[in-house]
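*Asks:* Test case, fold it:
(2 chains)
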Amino acid sequence: MTTTKEVNAATETKDSGGVRLRKEDLTKSWLRWVTFGQAGYNYERMQGLGFCHSMKPIIERLYPNDKQGRSSAMKRHLTYYNTENNWGAAIAGIVASMEEDRASDPSINDEAINGVKMALMGPLAGIGDTVTQSLVKTILLGIGCSLAMGGNILGPILFLVGMSVYTLLLSHQAYFIGYKSGKASVTNILRSGTIKNVTEALGILGILVLGAMVASNIGVGTPFSTVVGGMEINLQSILDSILPKMIPLAAFLVTYRFVVKGVKLTVIIAAMFIVGIVGSLIGLLG
Amino acid sequence: MFLHALVMAVIVWINNCICPMWLKWSVYLGSPLIAGAINGLILGDLQYGLVFGATIMMVFMGISVVGGAVPSDVNLAGYVGVTVSMIAKVDPSIGVTVSATLGALGAIANPLLMTLNSMWVHRADKYAEEGNTNGIFYMNVLAPMGIAFVLYFIPSFIIIYFGAPILDAAMAVIPAWLLTGFVTVGKLLPALGLALLMQLLFKKAMLPFFMFGFVMSAYLNLGIVPIAIIGAGIAVLHYMYSQKGGAQA
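*Replies:* Alright, predicted model coming up:
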């Protein structure tokens, strides 16, 4: 499938006066995807139901009185499908435009439409999961938690509003870029350096916030003190004079090492219980 | 108490079926933080709720939903764990232990939901055969509500309604040294959440930025917001310079 072909098909449809989608159909389709794309999430077809649901306004517009057309379009989109909800909206946009062409041009077959879905769902899930969950969520949650920790109600509100605005704006943008520009341009955007640079920049911000959270949110310290030659020696203040938050940093680095080594999370949690309870019992941690 | 348990159980239920996906990014993935605020409002102690939610959130921060298989259900840990603990008025550090335990037990619910929801797909196939577009809406949105009700609403309600008094009673029986130990564990557990995040974000070249963040907080005692603003500045610079380089290549 090349760009030229797609453009030609689109122009032909428009010239030959086939049924065209309206702006409201596309908006409805995008909104259904970003709202219910994962409502019926299941192991057998993952987001297959959700994707088909997002095509409902498209199918109804293109095949108003054609039961057969509706039926085969629905079957086409009930197949296995799984991607990231926000970036993956681009695929729904591309497919909407292909369905629009297909309604009047039978040369666009099922394989072409399925091919686009299968080819793009993986790459968009990869980039989407990284940006949405590892970066945007981390940064917003880091800020939200810190504000809440200080007793500020803006913490949870900022996280809720920030995340919702991100997901609505990005998926809307992705859907309509997909609809207007097609597969080739989405692939180009993915391949261009811009996405990589944005990801790196967000990564820097994310890891900087993470470093700050290690210092501010791991509360463990030591209450240990002893009297040597009539002078009270407080272990915590000695450690603080070397490196403040040394124990939190150490706890973080040791845990990170275990995580990287692939130790099961339940084992790590159990170990933390033992270290914490024994440590506090002998008066070393607290 | 009945109403309180009902409200929280309904939230858990909605979160696992018809909650709009665009809202789930915050109310589901950020369950503990949001649950803390809601419980704080219900119990009339917002301050306690905010600190409580943020403390639990730190532990669950790195647990993402990629691929579906999670070691602990952040949603149940959040809404059920936080609610039970806050009704029993325990220290947030104890609440971490309660939430982590409930989250681990609850990790069974999501795979069950996803397995059972598979059956609606076959009904949807039939509706597709008939060209019935409304059928897709029924199968995708309405049908999963029943399963989620059984898997999420009922257990959540029971655990909150009966669990909170049990936890309250247990707190009186648990010896003081063990409670102090649990508090220490609670202070240690955020290290796990942050380590999991580090695993997602780590790149060797980015290590200096981790150190900058640490030093700004540990030595300069700056809050996360000013640190994030400085970080955003660095990120913009990085983007601008790398875009330039990319254009030449």
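*Asks:* Find the residue ranges of chain B scoring beneath the pLDDT cut-off.
*Replies:* Residue ranges of chain B with pLDDT under 70: B:64-70, B:245-249.
*Asks:* Pull out the buried positions in stretch A:56-73.
*Replies:* Buried residues in stretch A:56-73, counting neighbours by 16 or more other C-beta atoms under 10 Å in any protein chain shown, are found at A:56-59, A:61-63, A:69-73. (Glycine included, C-beta is placed from N, CA and C.)
*Asks:* Start and end of it, how far apart?
*Replies:* Using C-alpha to C-alpha, to the nearest Å, one end of stretch A:56-73 lies 10 Å from the other.
*Asks:* cool, stretch A:51-61 as well?
*Replies:* 17 Å.
*Asks:* Now residue 236: which helix or strand?
*Replies:* No chain specified, so I'll use chain A. Secondary structure from DSSP states H and E places A:Gln236 in helix A:235-242.
*Asks:* meant chain B actually
*Replies:* Here B:Val236 is assigned to helix B:224-248, by DSSP H and E.
*Asks:* helices and strands around that helix, which ones?
*Replies:* Under the contact criterion of 3 or more C-beta pairs under 8 Å, 6 or more residues apart in numbering or on different chains; DSSP states H and E, helix B:224-248 touches helix A:137-149, helix A:193-217, helix B:207-218.
*Asks:* Mind listing what's buried along the last one?
*Replies:* Of all the residues in helix B:207-218, those buried under the rule 16+ other C-beta under 10 Å are B:209-210, B:212-218.
*Asks:* By proximity to chain A, which residue of chain B wins?
*Replies:* Minimum separation of chain B from chain A (C-beta to the nearest C-beta) falls at B:Gly213, amounting to 2.7 Å.
*Asks:* picking up where we left off before, now the helix holding A:Gln236: average pLDDT?
*Replies:* Per-residue pLDDT values across helix A:235-242 average out to 92.
*Asks:* what's the closest non-adjacent residue to the residue of chain B closest to chain A?
*Replies:* A:Gly211 (2.7 Å; C-beta to C-beta, 6 or more residues apart in numbering or on different chains).
*Asks:* same question, A:Arg70
*Replies:* Going by C-beta to C-beta, 6+ apart, A:Arg70 has B:Gly131 as its nearest residue, at 3.8 Å.
*Asks:* helices or strands up against the helix ranked longest in chain A?
*Replies:* Counting by DSSP state H, the longest helix found in chain A is helix A:154-191. If you count contacts as 3+ C-beta pairs under 8 Å, 6+ apart, helix A:154-191 packs onto helix A:3-16, helix A:23-36, helix A:89-102, helix A:110-129, helix A:137-149, helix B:21-27, helix B:31-43, helix B:46-60.
*Asks:* one more time with 6 Å, if that's ok
*Replies:* On a contact count with 3 or more C-beta pairs under 6 Å, 6 or more residues apart in numbering or on different chains; DSSP states H and E, helix A:154-191 meets helix A:89-102, helix A:137-149, helix B:21-27, helix B:31-43.
*Asks:* Which of the ones you listed sits closest to B:Pro144?
*Replies:* helix B:21-27 (13.1 Å; C-beta to C-beta).
*Asks:* I'd guessed B:Pro92 sits against B:Phe52; true?
*Replies:* Yes: if you go by C-beta atoms under 6 Å, B:Pro92 and B:Phe52 touch, sitting 4.7 Å apart.
*Asks:* Which of these two has more residues huddled nearby?
*Replies:* More crowded of B:Pro92 and B:Phe52, by other C-beta atoms under 10 Å in any protein chain shown: B:Phe52, with 29 against 25.
*Asks:* thinking again about what came up before, sort out which residues of the helix holding B:Val236 are buried, please.
*Replies:* Under 16+ other C-beta under 10 Å, the buried positions of helix B:224-248 are B:224-225, B:227-228, B:230-232, B:235, B:238-239, B:242.
*Asks:* Around chain B, pick out the residues from the stretch 51-200 of chain A.
*Replies:* Within the stretch 51-200 of chain A, the positions lying close to chain B (C-beta under 6 Å from any C-beta of the partner chain) are A:52-53, A:56, A:59-60, A:67, A:70-71, A:74-75, A:78, A:85, A:129, A:133-134, A:138, A:141-143, A:145-146, A:148-149, A:151, A:156, A:159-160, A:163-164, A:167-168, A:193, A:197.
*Asks:* Buried ones among the residues you listed?
*Replies:* Neighbour counting with 16+ other C-beta under 10 Å marks A:52-53, A:56, A:59, A:70-71, A:74-75, A:78, A:85, A:129, A:133-134, A:138, A:141-143, A:145-146, A:148-149, A:156, A:159-160, A:163-164, A:167-168, A:197 as buried within those.
*Asks:* per-domain residue ranges of chain A.
*Replies:* Domain segmentation of chain A under automatic domain parsing yields A:3-208, A:220-281.
*Asks:* Mean neighbour count, those: which tops it?
*Replies:* domain A:3-208 (a mean of 20; mean count of other C-beta atoms under 10 Å in any protein chain shown).
*Asks:* and it, how far from the chain's centre?
*Replies:* In terms of C-alpha atoms, centre = their mean, to the nearest Å, the centre of domain A:3-208 is found 12 Å from the chain centre.
*Asks:* Could you do stretch A:245-258 as well?
*Replies:* Centre to centre, stretch against its chain (C-alpha atoms, centre = their mean), the figure for stretch A:245-258 is 28 Å.
*Asks:* How is chain B divided into domains?
*Replies:* What automatic domain parsing lists as the domains of chain B is B:2-202, B:203-249.
*Asks:* export those to JSON lines and tack on distance to A:Ser107?
*Replies:* Formatted as JSON lines, the domains of chain B follow (distance: least, C-beta to C-beta, whole Å):
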{"stretch": "domain B:2-202", "distance to A:Ser107": "23"}
{"stretch": "domain B:203-249", "distance to A:Ser107": "38"}
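*Asks:* Nearest to A:Tyr175 among those domains would be which one?
*Replies:* domain B:2-202 (12.5 Å).
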